[in-house]
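> Fold the stuff below for me.
(one chain, ligands or ions: 1)
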Amino acid sequence: MRIAVTAASGNLGAEIVRATESLVGKANVIAIARTPPKAEHLGVEVRKGDYTSKADFDEALKGVDALLLVSGMDDPSKRIDQHRNVIHAAKDAGVKRIVYTSVQGPEENTAFSPIIESNRHTEEDIRNSGMTWVIGRNGIYIEPDVDYVEAYRKEERIANCAGDGKCGYTTRPELAFAYARMLTEDRHIGRTYNLHGEPITQNELADYLNGAFGANLVYVPLTVQEYRRERIAELGEFMGNIIAGIYEGISKDAFNSPSHFAAATGREHQSWEEYFGGLRV
Ligand SMILES: NC(=O)c1ccc[n+]([C@@H]2O[C@H](COP(=O)([O-])OP(=O)(O)OC[C@H]3O[C@@H](n4cnc5c(N)ncnc54)[C@H](OP(=O)(O)O)[C@@H]3O)[C@@H](O)[C@H]2O)c1
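The predicted model follows:
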């Protein structure tokens with residue numbers, strides 16, 4: 001069985017390539033990338049695939065049995081058609097199984113909701129594609145908070161508009177562990193899984209970061225308006241709005257859903273004690 005993974009030059013796609021080759025061997029995994037040289041380091045066959053080009057995927061999906069589609073990064077209004085390029089090419093190429101990395105979050109009334117809506121559209125396209133399918137709805141990556149720890153330290157605080165909301169975070173390696181199984185095991189066909197670990201508050205996140213990095217961070221709640229203003233000043237209008245929408249979603253419990261990680265993998269998601277224990281300096 002030959003398995004292709006899109007966006008393989010990115011962090012998640014690369015992790016999924018590695019996790020999948022550990023199950024089926026390098027010879028059976030194809031890395032598809034918009035920028036192929038950025039995926040060469042993976043040591044598997046690399047093919048070109050830009051979501052804006054169905055022709056790229058008509059070529060890239062030749063001889064592929066199962067496809068992992070990593071959700072795109074473009075403006076949500078453009079993503080649905082970009083994903084359709086891949087789905088239609090997969091169908092035309094005779095791909096039997098398609099697995100999609102969707103996302104959890106607030107389906108309405110936040111600045112993040114258009115992204116959730118576009119993911120739900122792609123989920124429907126995949127369910128109606130005629131191929132067998134599996135969908136994962138990813139929790140929020142925890143790695144960016146770890147990468148951001150020095151910035152938090154300078155301010156001695158984590159400040160955002162999540163309030164007391166709990167967030168089901170995850171890590172890319174844990175997601176990859178799940179997707180490799182969703183690609184290769186038949187029992188997942190037709191299932192939609194929420195993929196995340198134990199949901200935690202921002203206060204708990206600060207405690208874990210303090211324990212791992214010897215920091216003294218406190219959590220400071222901001223209003224949505226305050227946080228949006230701050231994020232837009234740092235990241236610009238588009239990304240600042242999205243980030244504020246994500247944290248508003250956390251405050252509304254939109255990332256505090258039951259996790260199906262164990263059903264997708266046969267084991268529990270890594271605990272936060274173990275994850276942060278491994279980062280201890
Ligand atoms: N759950 C979360 O917390 C969270 C956070 C951020 C994003 N996401 C979603 O998760 C996805 C993967 O995350 P990641 O960590 O792997 O992000 P990443 O490291 O930034 O990688 C993004 C990947 O998307 C590829 N890409 C962008 N536009 C493309 C296009 N038109 N056609 C084909 N490939 C394209 C990039 O290719 P190039 O190398 O050519 O640029 C890159 O491989 C993202 O695309 C986004 O939808 C989730």
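
> what about the one residue in the chain that gets nearest to the ligand, how many residues close to it?
In the chain, the residue found nearest to the ligand is Gly10; the distance is 2.2 Å by CB to the nearest ligand atom. To be clear about C-beta, it is placed using only N, CA and C from the backbone, and glycine gets the same treatment. By other CB atoms under 10 Å, the residues close to Gly10 number 19.

> List the contacts of it.
With CB atoms under 8 Å, 6 or more residues apart in numbering as the criterion, the residues that contact Gly10 are Val70.

> Repeat that for Tyr227.
For Tyr227, the contact set (CB under 8 Å, 6+ apart) comprises Ala159, Asn160, Cys161, Ala244, Tyr247.

> how about the residues of the stretch 1-150 of the chain near the ligand?
Proximity of the stretch 1-150 of the chain to the ligand, by CB under 6 Å from any ligand atom, involves residues 7, 9-13, 34-35, 38, 49-52, 70-73, 82, 103, 138, 140-141.

> same thing but at 5 Å, please
Of all the residues in the stretch 1-150 of the chain, those in contact range of the ligand (CB under 5 Å from any ligand atom) are 7, 9-12, 34-35, 38, 50-51, 71, 73, 138, 140-141.

> just checking, which of these belong to helices?
When DSSP state H defines the helices, the subset of those inside them is Asn11, Leu12.

> Going by distance to Gly165, which of the residues of the stretch 1-150 of the chain next to the ligand wins?
Comparing those against Gly165 with CB to CB places Ile140 closest, at 11.4 Å.

> what are the bridge partners for the spatially most central residue of the chain, then?
Of all residues in the chain, the one closest to the mean position by CA atoms, centre = their mean is Asn138, 4.9 Å from it. According to DSSP bridges, Val103, Leu195 are recorded as the beta-bridge partners of Asn138.
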